[in-house]
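> Pasted the sequence and its predicted model underneath.
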Amino acid sequence: MGAALVLLLVGLGCMAAGVLIGRYYVPDDRQLRRTARHARSYMKALSYLIARDHDTVVNELRTVVEENIEDVEPYFALGAMFRSRGEYERAIRVHQALALRERDKRKVRQRAMYELGLDFRAAGMPRRATKAMEEVLLEDPGHEGGLRALASLYEEQARFNEAAGLWQRLGRRRSEDTSMREHHLLVAAAQAALGRDDLESAKHLLKSAQKLHETAHFFAAAAELAAARENHRGAKERLKQALLADPALAPHLLPGLVAAEQGLEEAERAGKKGSRRDELVDDEQPKLAEGTGESTSLAVAGSTGIVAEVATAPGTVPIVTTKPVGTVTDRVLAVLAEVEAQTGPRLELALIRAQLATESNGRTQEEIATELASKFPEALAARVAAARLALASNDDKSVRQALDLIAGERGTLAWALRGRWQCSHCGHRPGPFSWRCGNCRRWNSLRMETGVEPPPIAPRDRRAQPRNARPEGLLGAAPDSSLPGATLDPGLTEEELARAGTRRSLLGRVGGWFSGVWRRNA
């Protein structure tokens, strides 16, 4: 009897111990199941995002947010999704709510402010975007995304000097060479100062830009500064340096060169020198050449407005000490000839010389047309310029020759008569005719090219809702399903989740606890 009572008490004690262990020591699997559901939603959202079905992506992310409002990652994903779809107001609301809710967490709030700045910028509100990015950089001066975004915002608002400072900080942080971009920004800031008639600020900005590089952009801005101070000779020489640096800018620089020559001509008629010392040249440079043979040339450079550089330095401009003669057009043609002699034949310079050429410069229009056709035989612009010169000469032979070069059997525009097949959708020229374009894969889109530019490529059609699956017919399953199936493991299956949700028996929990203790001790 006593042994039976002891066994009964031991059994009751084991039962009570099992109940307590199952109540307090078995882990709760609700968090595990919720994490599994979230993983499935994330994988579905990623799959739909790859398939560009944005509406379904938003629905999946909203499912995650409804179950877990503490996690901030789904909110950031939703905000970025709204911004990419053009729903800027919704994106702004999401990121503003994050910035207010997580104001005690510095990193999360900083990230929310950065995303908010991107939202404002995409929505066309540059001032609010600038304020948001400036707040980000106040909290983290080394934020690379904020530096890039704020620099581009400053450029859009014509705050070029501040943008140059940001690019300098970004280059130092990433150990990259951003001097060329800084140079162009400083030159643009100088041009903006010239537009405000702030010549001193423009001078200092150009000197800062000159320390980094000397480009055609810099020389053109220096010419603008010289012209603003009525230093026509200095403007002419700066424009000449710009042409030497980049002859392709000749059509843009030609009006300034003509204005400089006109200013020099008016100054000569008035009996003025028409030149001043170039303010971008250091004052100590003439002293370095004292007592040498270079002092004379440097002094002349200071009086004519030419940059005082060492004669052996690359890119130097020859100093012209003689007074130019002839009309303004002749002077401009002489400058272009000097530039072409140093840079070699250039189509841009040749076209401008052909437009400015007259009978007074000693060359006939027939000679200029022959030169254009010989130096640039494949250039359509050169042949058009030669044809215009032939029409102006009223010479039947020259006109016939020019027309043959353009519309002859081997002329530049002979293809217009023979025709070329071109896709009316994407503009592709396949050569031989085919019913299907090999580039955009459209059927019956090839048309005979008539010289008219094709329309821009139309955007691809995006469906707002997924297509319904077709019932399987004679051809089998539909090959163009709206979305691909999941290829990665989304977590627990439906059966595993259902089995995990059922509560285990008392003996099962007791056995699980003993097996866990046994594994830990082993």
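Received it, and whenever you're ready, just let me know what you need.
> Leu116: how many residues sit nearby?
25 (other CB atoms under 10 Å). (Each C-beta comes from the backbone N, C-alpha and C, glycine too.)
> swap in Leu253?
For Leu253, using other CB under 10 Å, the count is 21.
> before we move on, which element is it in?
helix 250-270 (DSSP states H and E).
> Using PDB, write down the CA coordinates of that helix.
What follows is helix 250-270, C-alpha atoms only, in PDB (Å, rounded to 0.1, in the frame of the first residue of the first chain):
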ATOM      1  CA  ALA A 250      33.700  77.500 -83.500                       C
ATOM      2  CA  PRO A 251      30.000  78.100 -84.300                       C
ATOM      3  CA  HIS A 252      29.400  79.100 -80.600                       C
ATOM      4  CA  LEU A 253      32.500  81.300 -80.300                       C
ATOM      5  CA  LEU A 254      32.300  83.100 -83.700                       C
ATOM      6  CA  PRO A 255      29.900  85.900 -82.600                       C
ATOM      7  CA  GLY A 256      32.200  86.800 -79.700                       C
ATOM      8  CA  LEU A 257      35.200  86.800 -82.100                       C
ATOM      9  CA  VAL A 258      33.400  89.100 -84.500                       C
ATOM     10  CA  ALA A 259      32.400  91.400 -81.700                       C
ATOM     11  CA  ALA A 260      36.000  91.600 -80.400                       C
ATOM     12  CA  GLU A 261      37.300  92.500 -83.900                       C
ATOM     13  CA  GLN A 262      34.600  95.100 -84.200                       C
ATOM     14  CA  GLY A 263      35.600  96.600 -80.900                       C
ATOM     15  CA  LEU A 264      39.300  96.600 -81.900                       C
ATOM     16  CA  GLU A 265      38.400  98.400 -85.200                       C
ATOM     17  CA  GLU A 266      36.400 101.000 -83.400                       C
ATOM     18  CA  ALA A 267      39.200 101.500 -80.900                       C
ATOM     19  CA  GLU A 268      41.700 102.000 -83.700                       C
ATOM     20  CA  ARG A 269      39.400 104.600 -85.300                       C
ATOM     21  CA  ALA A 270      39.100 106.400 -82.000                       C
END
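> tell me what it is packed against?
Using 3 or more CB pairs under 8 Å, 6 or more residues apart in numbering; DSSP states H and E, the elements in contact with helix 250-270 are helix 216-228, helix 232-245, helix 328-343, helix 347-356.
> buried set for the last one?
Going by neighbour count (16 or more other CB atoms under 10 Å), the buried part of helix 347-356 is Leu347, Glu348, Leu349, Ala350, Leu351, Ile352, Arg353, Ala354, Leu356.
> so where's the stretch 201-350 of the chain shaky on pLDDT?
272-279, 281-326 (pLDDT under 70).
> picking that back up, output the buried residues of helix 347-356 as JSON lines; include the columns distance to Ala220.
Formatted as JSON lines, these follow (distance: CB to CB, whole Å):
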{"residue": "Leu347", "distance to Ala220": "20"}
{"residue": "Glu348", "distance to Ala220": "15"}
{"residue": "Leu349", "distance to Ala220": "16"}
{"residue": "Ala350", "distance to Ala220": "21"}
{"residue": "Leu351", "distance to Ala220": "20"}
{"residue": "Ile352", "distance to Ala220": "16"}
{"residue": "Arg353", "distance to Ala220": "20"}
{"residue": "Ala354", "distance to Ala220": "23"}
{"residue": "Leu356", "distance to Ala220": "20"}
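> Out of those, which two sit at the greatest distance?
Farthest-apart pair in these is Leu347 and Leu356; separation 15.1 Å (CB to CB).
> Could you check how far the spatially closest residue to Arg447 that is not a sequence neighbour is from Asn439?
Spatial nearest neighbour of Arg447, chain neighbours left out: Ser424 (4.8 Å); criterion: CB to CB, 6 or more residues apart in numbering. Distance, Ser424 to Asn439, using CB to CB, to the nearest Å: 12 Å.
> And the strands in this structure?
For the chain, applying DSSP state E gives strands covering 421-423, 446-448.
> Would you point out the helix or strand in the protein whose mean pLDDT is lowest?
Within the chain, confidence by mean pLDDT, DSSP states H and E is lowest for helix 295-304 among all helices and strands, at a mean of 33.
> follow-up on the earlier one: by mean pLDDT, show me the worst of the strands of the chain.
Mean pLDDT is lowest for strand 446-448 among the strands of the chain, at a mean of 76.
> what's it packed up against?
strand 421-423.
> same for the strand it packs on, what does it pack against?
Judged by 3+ CB pairs under 8 Å, 6+ apart, the packing partners of strand 421-423 are strand 446-448.
> Counting neighbours, which bits of the strand it packs on end up buried?
Leu446.
> ok, it: who's next to it in the sheet?
Under the criterion DSSP bridges, strand 446-448 sits next to strand 421-423 (antiparallel) in its sheet.
> which residues in the stretch 51-200 of the chain form helices?
For the stretch 51-200 of the chain, applying DSSP state H, counting those that start in this stretch gives helices covering 54-67, 73-84, 88-101, 106-122, 126-139, 144-156, 160-174, 179-195, 199-212.
> mind checking which of those is nearest Pro247?
Of those, the one closest to Pro247 (CB to CB) turns out to be helix 179-195, at 19.0 Å.
> avg pLDDT for the closest one?
So the average pLDDT for helix 179-195 ends up being 93.
> Going by contacts, tell me the helices and strands next to that helix.
helix 160-174, helix 199-212, helix 216-228.
> Switch those helices over to CSV; also include mean neighbour count.
What follows is the helices and strands packed on helix 179-195, written out as CSV (neighbours: other CB atoms under 10 Å):
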stretch, mean neighbour count
helix 160-174, 18
helix 199-212, 18
helix 216-228, 23
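> Let's have those helices in TSV, adding distance to Glu73.
Written out in TSV, the entries for the helices and strands packed on helix 179-195 read as follows (distance: least, CB to CB, whole Å):
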stretch	distance to Glu73
helix 160-174	27
helix 199-212	42
helix 216-228	45
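> So which of those helices is nearest Leu150?
Shortest distance between Leu150 and these, using CB to CB, is found for helix 160-174: 5.9 Å.
> which strands and helices sit next to the closest one?
Packed next to helix 160-174, using 3+ CB pairs under 8 Å, 6+ apart, are helix 144-156, helix 179-195.
> quick one, the first one and helix 179-195 angle?
Put simply, helix 144-156 runs at 30 degrees to helix 179-195, going by axes from the mean of the first three to the mean of the last three CA atoms, to 10 degrees.
> Offset the numbering so it begins at 49, please.
All set: I'll call the first residue 49, so the last point we hit is now helix 192-204.
> Enumerate the positions of helix 192-204 that are buried.
If you call a residue buried by 16+ other CB under 10 Å, then helix 192-204 has these buried ones: Gly194, Leu195, Ala197, Leu198, Ala199, Ser200, Leu201, Tyr202, Glu203.
> which outside residues touch that helix?
162, 165-166, 169, 174, 177-178, 181-182, 184-185, 188, 208, 210-211, 214-215, 217-218, 221-222, 233 (CB atoms under 8 Å, 6 or more residues apart in numbering).
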